[in-house]
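S.K.: Requesting a structural model of the entry that follows:
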Amino acid sequence: MHAEGWYRDAYNVHTDRWFSDGSPTSLVRDAGQESHDPPPNEPFTGPLVESDSVGTSNTDDLRRADSDEGPFDPHAESDAAWDSFGETTGGD
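M.R.: Model prediction:
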């Protein structure tokens with residue numbers, strides 16, 4: 001299995017960097033604040049170290065494109081988002 005989640009930034013530019021399927025992404029975190037900064041064009045060296053810092057966002061709602069959760073339904077996702085705010089949708 002490839003690295004998936006927050007790891008110490010292997011480039012030592014930020015505190016943490018999100019890795020997906022073993023590859024560094026542009027999602028970074030410093031002092032609990034998330035932002036985007038593309039990884040350098042050079043390969044990183046050394047072992048990956050899992051981050052022990054706590055972030056500001058909950059990543060439980062992230063889905064991989066190759067997940068077995070079924071097809072993405074934008075209407076269901078939109079309804080769920082409106083429901084979380086106590087609103088109702090205008091209908092389709």
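
S.K.: Using PDB, write out every CA atom in the lowest-mean-pLDDT helix or strand in the chain.
M.R.: Ranked by mean pLDDT, DSSP states H and E, the helix or strand of the chain with the weakest confidence is helix 74-84, at a mean of 71. Provided in PDB are the C-alpha atoms of helix 74-84 (Å, rounded to 0.1, in the frame of the first residue of the first chain):
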ATOM      1  CA  PRO A  74     -24.100  15.200  -7.500                       C
ATOM      2  CA  HIS A  75     -27.700  15.700  -6.500                       C
ATOM      3  CA  ALA A  76     -27.400  13.500  -3.400                       C
ATOM      4  CA  GLU A  77     -24.200  15.300  -2.500                       C
ATOM      5  CA  SER A  78     -25.800  18.700  -2.900                       C
ATOM      6  CA  ASP A  79     -28.900  17.600  -0.900                       C
ATOM      7  CA  ALA A  80     -26.600  16.400   1.900                       C
ATOM      8  CA  ALA A  81     -24.700  19.700   1.900                       C
ATOM      9  CA  TRP A  82     -28.000  21.700   2.100                       C
ATOM     10  CA  ASP A  83     -29.300  19.400   4.800                       C
ATOM     11  CA  SER A  84     -26.200  20.000   6.900                       C
END
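
S.K.: can you pull out the strands in this protein?
M.R.: Using DSSP state E, the strands of the chain run over 5-8, 16-20, 23-30, 33-36.

S.K.: any chance of these in TSV, plus mean pLDDT and distance to residue 46?
M.R.: Just so you know, the C-beta spots here come from the backbone N, C-alpha and C atoms, and that holds for glycine as well. Formatted as TSV, the strands of the chain follow (pLDDT from 0 to 100; distance: least, C-beta to C-beta, whole Å):
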stretch	mean pLDDT	distance to residue 46
strand 5-8	96	10
strand 16-20	96	13
strand 23-30	96	13
strand 33-36	96	23
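
S.K.: Can you tell me which of those strands is most buried?
M.R.: strand 16-20 (a mean of 21; mean count of other C-beta atoms under 10 Å).

S.K.: Return the list of strands paired to that one, each annotated with direction.
M.R.: strand 5-8 (antiparallel), strand 23-30 (antiparallel) (DSSP bridges).
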